[in-house]
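Generate coordinates for the sequence data below:
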Amino acid sequence: MSRKEGGSMIKDYSFKCSVATYIVSYIEYKQKSGRHVETIFYTMLTFDRFLQEMQYTKEYVDKDIIDAWLDSMKNLSCATYYRKVLEIRRFLYYMSRLGVDNYIPPKPPSRHKEHPPYIFTHDEMDRIFSSCDSLRLKNFYPRSLMIAVPAYIRLLYSTAIRTSEALSINNGDVDFSRHVILLRQTKNGSQRLVPLNPSMEKVLKEYIAYRDRMPIKGLCDSHSPLFVNLVGKRCDRGSMGHVFRRVLTDAGISLADHGKGPSLHSLRYTACIHSFVKMFRAGKSLYCSLPILSSFMGHRKVFDTEYYLRLTQEMFPELNVMDLNVTNCINEIVKQSLNPCKYNNS
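Just a heads-up that it's a prediction; the model follows:
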């Protein structure tokens, strides 16, 4: 079955388990909410097949079948397990809102707690950029995406956008006159604007100028992808990840096993942490920086950004002492405002 989007995927496959009606309505609900439902569809597809294999006939989801499903996924990677459980939890909550009494499994431990993300140093980032600029093709490979790698890596670090968000950008989404990029396909399902600094604009303009030399019809169209391979097709995340591992090797940065080492997503973490430190050293309190970083990262809630704050405090403990000097002064002012008589008498 081809990986089609939206309703066509549902028509291509007939869900047959005992809660199939709810699965179809859940996917349609997500699609009408503006979500890209491809990942949701394939998660629900595997859940549907599991229920069929278990010959489950109840029109609600009980604890025994959920426990059996969780046990069947014990060999999956932590990231895949986490993603699937969260999606099924959302589905079960959806059924509950429709009046179905389900068992909802507890939320699994955050992946962040198992493997702390890799944060590149400024020196490592310089080596990564140098390695990107030194990439060369030994043999002609039509689907090579090396032409896009230097600009793509710099965009991830400059804007802290997600890898999939960067690859979804079309030419028409880049507005140099307003110095922004419009992200249409985001993790949260909502569009947002990402600012471009002058140096990043220069990089993108140079990349586009070189890219447009390729004699490919429609390459410059507004609806065509920004980052393409040598045949004008949109770059994919898997191929970008493969090239990035080569970049890291050339830059002398070791690759750990089992997903614990650096990856493309590490650039997003790195951009946030470096921005935190830069703002603090410019005189801003860590906690006062949270709303700014939350908007920068595209988080819906400030609480989602607190993880990065804790990570910054762990990596740069000296900032806690410096921040304490600032917050102590603020606390003293608050105490005086709450107890004016005490301080006036003294």
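
which residues sit against the helix or strand hosting residue 199?
Taking DSSP states H and E as the criterion, residue 199 maps to helix 198-211. Residues outside helix 198-211 that contact it (Cβ atoms under 8 Å, 6 or more residues apart in numbering) are 147-148, 150-151, 154-155, 158-159, 171, 174, 176, 179, 196, 219, 226, 228. The way it works is simple: take the backbone N, C-alpha and C, and place the C-beta from them, glycine included.

For it, list the C-alpha coordinates in PDB.
Presented in PDB, the C-alpha positions along helix 198-211 are these (Å, rounded to 0.1, in the frame of the first residue of the first chain):
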ATOM      1  CA  PRO A 198      21.400  38.200   8.100                       C
ATOM      2  CA  SER A 199      24.100  35.500   8.000                       C
ATOM      3  CA  MET A 200      21.500  32.800   7.500                       C
ATOM      4  CA  GLU A 201      19.800  34.700   4.800                       C
ATOM      5  CA  LYS A 202      23.100  35.000   3.000                       C
ATOM      6  CA  VAL A 203      23.700  31.200   3.200                       C
ATOM      7  CA  LEU A 204      20.200  30.500   1.800                       C
ATOM      8  CA  LYS A 205      20.500  32.900  -1.000                       C
ATOM      9  CA  GLU A 206      23.900  31.400  -2.000                       C
ATOM     10  CA  TYR A 207      22.400  27.900  -1.900                       C
ATOM     11  CA  ILE A 208      19.400  28.900  -4.000                       C
ATOM     12  CA  ALA A 209      21.600  30.500  -6.500                       C
ATOM     13  CA  TYR A 210      23.700  27.400  -7.000                       C
ATOM     14  CA  ARG A 211      20.700  25.100  -6.900                       C
END
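
ok, then the element right after that helix?
Sequence order places helix 237-250 as the next helix or strand after helix 198-211, per DSSP H and E.

what's that next one packed up against?
helix 122-133, helix 149-159, helix 163-167 (3 or more Cβ pairs under 8 Å, 6 or more residues apart in numbering; DSSP states H and E).

closest one to residue 20 among these?
Residue 20 lies closest to helix 163-167 among the helices and strands packed on helix 237-250, at 29.0 Å (Cβ to Cβ).

Flag every buried residue along the helix holding residue 199.
200, 203-204, 207-208, 211 (16 or more other Cβ atoms under 10 Å).

quick one: which of the helices and strands packed on helix 237-250 is nearest residue 242?
helix 149-159 (10.7 Å).

returning to that earlier point: need the helices and strands packed on helix 237-250 in TSV with distance to residue 69, can you?
Output for these, formatted as TSV (distance: least, Cβ to Cβ, whole Å):
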stretch	distance to residue 69
helix 122-133	40
helix 149-159	35
helix 163-167	27
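
Comparing the ones you listed, which comes out most buried?
Most buried of the helices and strands packed on helix 237-250, by mean neighbour count (mean count of other Cβ atoms under 10 Å): helix 149-159, with a mean of 22.

count of neighbours near residue 34?
10 (other Cβ atoms under 10 Å).

same deal with residue 240?
Applying other Cβ under 10 Å, I find that residue 240 has 21 neighbouring residues.

Distance of residue 264 relative to residue 165?
Residue 264 is 12 Å from residue 165, where distance means Cβ to Cβ, to the nearest Å.

ok, now residue 196?
The value you get for residue 196 to residue 165, if Cβ to Cβ is used, is 14 Å.

how about low-confidence regions in this protein?
1-13, 110-115, 256-260, 286-287, 309-346 (pLDDT under 70).

from the contacts of helix 198-211, which is closest to residue 87?
residue 159 (27.0 Å).

Return the residues in contact with the residue lying closest to the closest one once chain neighbours are set aside.
Nearest residue to residue 159 in three dimensions, chain neighbours excluded: residue 194, at 4.8 Å (Cβ to Cβ, 6 or more residues apart in numbering). Residue 194 is in contact with 159, 161, 180-183, counting by Cβ under 8 Å, 6+ apart.
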